[in-house]
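Undergrad: this is a predicted model, with the sequence first.
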Amino acid sequence: TSGKTGTAHIVEHGQYINKHNSTFVGFAQDKKGQKYTIYVLVSKPIWKYHFASLSAVPIFKKVTKILVKNNYLIPNI
């Protein structure tokens, strides 16, 4: 798996406000050739989680675990 995080200020009425959007786009692939691109957007997370590494990435991790659990993605062990 690999991916890229992003954290962006939100603009309201032409001004930046102290709120953010956090994003992560991740890619997962297994030996059998199954490929997934997963985009996670967390809109206005509470301040403690405004960085994508603390909000969007854990969601990506949960989604990939669900794919493994349901045999849509076979882990390379």
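TA: Done, it's in.

Undergrad: need the three-state assignment for the closest residue in space to residue 48 that isn't next to it in sequence.
TA: Nearest non-adjacent residue to residue 48, counting by Cβ to Cβ, 6 or more residues apart in numbering: residue 54, 7.3 Å away. All C-beta spots, glycine's among them, are computed from the backbone N, C-alpha and C. Using DSSP: H, G, I helix; E, B strand; the rest coil, the structure places residue 54 in helix.

Undergrad: same thing with residue 11?
TA: Strictly by three-state DSSP, residue 11 counts as strand.

Undergrad: what's the burial count for it?
TA: 10 (other Cβ atoms under 10 Å).

Undergrad: got it, and residue 15?
TA: By other Cβ under 10 Å, the residues close to residue 15 number 8.

Undergrad: cool, the one 3 residues further on as well?
TA: The criterion is other Cβ under 10 Å. On that basis, residue 18 has 8 neighbouring residues.

Undergrad: quick one: name whatever helix or strand follows the helix or strand hosting it.
TA: Secondary structure from DSSP states H and E places residue 18 in strand 15-29. Next along the chain after strand 15-29, taking DSSP H and E as the criterion, comes strand 35-43.
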